[in-house]
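# Just the structure for this:
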Amino acid sequence: MVIALDGHSSSGKSTLAKDLSSLLSVSHIDSGAMYRAITLYFIRHKVDINNKSTVAYALESINISFKVVDGKTVTVLNGSVVESDIRTMEVSDLVSDVAAISSVRRYLVSQQRRLADAQSIIMDGRDIGTVVFPEADVKLFVTASIEVRTQRRYDELKARGVEITIDEVRANLTKRDHIDSTREDSPLKQAEDAILLDTGSLDRSGMIASATKMIHEKMIKNNV
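Sure thing, here's the model as predicted:
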């Protein structure tokens, strides 16, 4: 079984995917973390993202995996846990540009499909229901207003001790929305058969309740 969650940055889809994973006992794959890991590698190794051959060469040296540490799934880049490192604003500012590179997308789509070969999964991202798993059993498109998403992201960063203004957070999300939605390769959009979930007025328990109801109804309809 494959459940695909697509949507905008800070709409709550990653948190929702994790909660659904625990509730349904299905593995969660955070595709955004994979793009962030590549972005982190490019930053650390000063890879010119505008040079196609340089990017292709760098991808050959990247291995991304996931493992459970203290009950939480974390991202591993070339053998090292990078869960905290990939969540910085430096990575956030560049990740949409990196994700727009076709060779990067092709590399990760193949990796994401491989991860689903032998297990049921919940995967969240931007093109999971449209490109990676167009035949997914259930597709949700998660969104919220820019005001709600800005406040959520700001609160999250402040809780981690990051010094940033709410205007900087809004600018970052607006930029990422634009790049994600207008890129030529696999743009962010709602799949025709995806169910829209607006999380703007929902807290965490409300999101999981709404999503669970939607998933159960879809699975019954499809006899999954």
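# What segments of this structure are helices?
13-24, 31-44, 52-59, 89-99, 102-115, 146-159, 166-182, 204-222 (DSSP state H).
# Please identify the buried residues of stretch 117-129?
By neighbour count on 16 or more other CB atoms under 10 Å, the buried set for stretch 117-129 is 121, 122, 123, 124, 125, 126, 127, 128, 129. C-betas here are computed from N, CA, C, even on glycine.
# whoops, stretch 75-87 was the one
Across stretch 75-87, burial judged by 16+ other CB under 10 Å covers 75, 76, 77, 82, 83, 85, 86, 87.
# what bits of the chain have low per-residue confidence?
Low-confidence segments of the chain (pLDDT under 70): 224.
# Isn't residue 208 up against residue 18?
No - using CB atoms under 8 Å as the test, residue 208 is too far from residue 18 to be in contact (9.9 Å).
# Which one of the buried residues of stretch 117-129 is nearest to residue 13?
Nearest to residue 13 among the buried residues of stretch 117-129 is residue 124, at 4.6 Å by CB to CB.
# Quick check: the gap between the closest one and residue 50.
28 Å (CB to CB, to the nearest Å).
# And for residue 56?
In terms of CB to CB, residue 56 sits 13 Å off from residue 50.
# between these two, which one's more packed in?
residue 56 (13 against 9; other CB atoms under 10 Å).
# Would you check how far apart the more buried one and residue 101 are?
10 Å.
# Next: residue 12.
In this view, residue 12 and residue 101 are 27 Å apart by CB to CB.
# Residue 88 now?
In terms of CB to CB, residue 88 sits 20 Å off from residue 101.
# Neighbour count: these two, which is higher?
A count of neighbours by other CB under 10 Å puts residue 101 above the other of residue 88 and residue 101, at 21 against 16.
# Would you confirm that the more buried one contacts residue 49?
Yes - counting by CB under 8 Å, residue 101 touches residue 49, with 6.4 Å between them.
# measure stretch 40-57 end to end?
End-to-end distance of stretch 40-57 (CA to CA, to the nearest Å): 16 Å.
# cool, and stretch 139-151?
26 Å.
# Any buried residues in it, and which?
So for stretch 139-151, counting by 16+ other CB under 10 Å, buried means 139, 140, 141, 142, 143, 144, 148, 149, 150, 151.
# cool, stretch 179-195 as well?
For stretch 179-195, a neighbour-count test (16+ other CB under 10 Å) marks 179, 180, 183, 186, 188, 190, 191, 194, 195 as buried.
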